[in-house]
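**Q** Pasting a predicted model and its sequence here:
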Amino acid sequence: MSIADATQSPAIVTPATQPLLSIRGVETFYGKIQALKGVDLDVNEGEIVTLIGANGAGKSTLMMTICGNPRARAGQILYAGEDIAQLPTHSIMSRRIAQSPEGRRIFGRMTVLENLQMGTTLVGPAHFDEDLRRVFDMFPRLRERASQRAGTLSGGEQQMLAIARALMGRPRLLLLDEPSLGLAPIVVKQIFEVIRELNRTEGLTVFLVEQNAFHALRLAHRGYVMVNGRITMKGTGRELLAREEVRSAYLEGGHH
């Protein structure tokens, strides 16, 4: 099944009565420069939600603010009903939140296997063998490269490793920051297919930040558009794909 077919009709989700992640009025600053300006956003349990916007819109800042670095100067970040906005990063991530950050940030001198072991730091090694088989089944290339230094992998393989390392932490919420950045289209399709399958078969909740609006909105149950640190539009993935202002701003240039 191609990614186009697979992501045309996301799994039907019955939203949780309370969002797993609920962001209310969040403001974030870099010094005196305000990067996020009263952001409101919800991610329900079992959903894929995407945040799209131009480079510099504040998307990655929101992702990092959820993880506590930088810290929100105002507003609430509710995770499973608990305000985590002022918690230290290690405490936030210990709540079964895993992030695959922008730029991948793997441990280049370590092997693929050692990187995956690092992903279990917060959950311990009890399920390591089982989870290792699981991520190797998702990304067979990583099995082939298990003893290879991560820094010698291709860009696509490094992105697969970053996502696999996050999954080794058995997250309830997976944060993906620009997973398609700089990758060949065929690799992008493979990675988005894995995300779709994780959501469909395991009910994994995913919050996805992406510049590749076409693939992201086809994959997502719901989406938000960010412009200059503010949410300017929201809707289902299909609704946003159909909006002329979204198509002209983010979909021109042959993504079809």
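**A** Thanks, I have the structure now. Numbers count the residues shown, from 1 in each chain.
**Q** Quick check: I48 touching N199?
**A** Yes: using CB atoms under 8 Å as the test, I48 is close enough to N199 to be in contact (5.2 Å). Glycine gets a C-beta too; all of them are placed from N, C-alpha and C.
**Q** Which one's more surrounded, the two?
**A** I48 (29 against 22; other CB atoms under 10 Å).
**Q** Across the sheet, point out what pairs with the more buried one.
**A** According to DSSP bridges, V206 are recorded as the beta-bridge partners of I48.
**Q** who are the neighbours in contact with the residue most central in space within the chain?
**A** For the chain, the residue lying nearest the average C-alpha position, counting by CA atoms, centre = their mean, turns out to be L176 (1.8 Å). Residues near L176 by CB atoms under 8 Å, 6 or more residues apart in numbering: Q99, S100, I163, A166, I195, V206, F207, L208, V209, E210.
**Q** Distance of the fourth one relative to G53?
**A** Using CB to CB, to the nearest Å, one gets 22 Å for the distance from A166 to G53.
**Q** quick one: which of those two has more around it?
**A** When A166 and G53 are compared for neighbours, G53 comes out ahead with 26 against 20, by other CB under 10 Å.
**Q** unless I'm mixing things up, the more buried one is touching K59, no?
**A** Yes: using CB under 8 Å, G53 and K59 qualify as a contacting pair, with a distance of 5.2 Å.
**Q** between those two, what contacts are shared?
**A** Counting by CB under 8 Å, 6+ apart, the residues touching both G53 and K59 are M226.
**Q** Quick one: mean pLDDT for stretch 178-188?
**A** Across stretch 178-188, the average pLDDT comes to 88.
**Q** For it, measure first residue to last.
**A** 11 Å (CA to CA, to the nearest Å).
**Q** 16 is where my numbering starts, stick with that
**A** Sounds good: first residue 16 from here, last item stretch 193-203.
**Q** Quick check: buried residues in that stretch?
**A** For stretch 193-203, the buried set under the neighbour-count rule, 16 or more other CB atoms under 10 Å, comprises E193, P194, S195, L196, L198, V202, V203.
**Q** got a list of contacts for that stretch?
**A** Contacts of stretch 193-203 from elsewhere in the structure, counted by CB under 8 Å, 6+ apart, are 75, 115, 117-118, 170-171, 174, 177-178, 206-207, 210, 223-227, 230.
**Q** And stretch 236-243, by the same measure?
**A** 25, 28, 52, 54, 56, 62-69, 72-74, 77, 231-232, 246-252, 255, 261, 265.
**Q** Grab the longest helix from the chain for me.
**A** With secondary structure taken from DSSP state H, the chain has its longest helix at helix 200-217.
**Q** So what's the gap between it and the chain middle?
**A** 12 Å (CA atoms, centre = their mean, to the nearest Å).
**Q** ends of stretch 42-60, how far apart?
**A** Length of stretch 42-60, first residue to last, CA to CA: 24 Å.
**Q** before we move on, what about stretch 151-159?
**A** The straight-line separation of the ends of stretch 151-159 (CA to CA) is 9 Å.
**Q** Could you do stretch 237-250 as well?
**A** Distances were taken as CA to CA; on that basis the terminal residues of stretch 237-250 are 6 Å apart.
**Q** Stretch 239-248 now?
**A** Where stretch 239-248 starts and where it finishes are 6 Å apart, if you go by CA to CA.
**Q** Show me how far it is from its chain's centre.
**A** Centre to centre, stretch against its chain (CA atoms, centre = their mean), the figure for stretch 239-248 is 17 Å.
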